[in-house]
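1. structure, please.
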Amino acid sequence: MDARRAHKNLSAQLNKSDAADAEGLAQLARTGWFTSVHIRSEEADRLRALVGARERLIRLRKDLEGHIRGVLKTFGIRMTGVGQGQ
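-> Below you'll find the predicted structure:
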C-alpha cells in the first residue's frame, strides 16, 4: 500500500487516533482504494548493501592515504604512486 496515498486518505478523517487510523487502513484495504507498491527483492537489498559497503571502504582508504601523506609531508617524505594499483 502506498504510504503517501494512504496518508492523504487518512488525513481527511475527523477523529485522529491510532484506532481510527487502523480502521481507516482496513477500510482502504476492503474497498480496494489503494495502490500497490513495488518492493525490492532481498537479493537486490543485499547487493545494494554490498555496493554501499564497498564505496564506503574505498572512501575510507582514500581518506587514510591522504592523511598519511599529509603527516609524512611535514617530515619531508613525499609518497608517489601509492593507491594506483602498483
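2. so which elements touch the longest helix along the chain?
-> When every helix of the chain is counted residue by residue (DSSP state H), the longest turns out to be helix 42-74. Counting contacts by 3 or more Cβ pairs under 8 Å, 6 or more residues apart in numbering; DSSP states H and E, helix 42-74 packs against no other helix or strand. C-beta here means a position set from N, CA and C on the backbone, and glycine is covered the same way.
3. may I see the buried residues of that helix?
-> Buried positions in helix 42-74, judged by neighbour count with 16 or more other Cβ atoms under 10 Å: none.
4. show me the shaky parts of the protein.
-> Residues of the chain that meet the criterion pLDDT under 70 lie in 82-86.
5. okay, now the domains of it?
-> 1-37, 41-86 (automatic domain parsing).
6. quick one: the longest one to chain centroid distance?
-> Here domain 41-86 shows a centroid-to-chain-centroid distance of 21 Å under the convention Cα atoms, centre = their mean, to the nearest Å.
7. go on, stretch 39-53?
-> 10 Å.
8. stretch 34-46 too?
-> In terms of Cα atoms, centre = their mean, the centre of stretch 34-46 is set 14 Å apart from its chain centre.
9. what's in contact with that stretch?
-> Defining contact as Cβ atoms under 8 Å, 6 or more residues apart in numbering, one finds that stretch 34-46 is touched by 1-2, 5-6, 28, 48.
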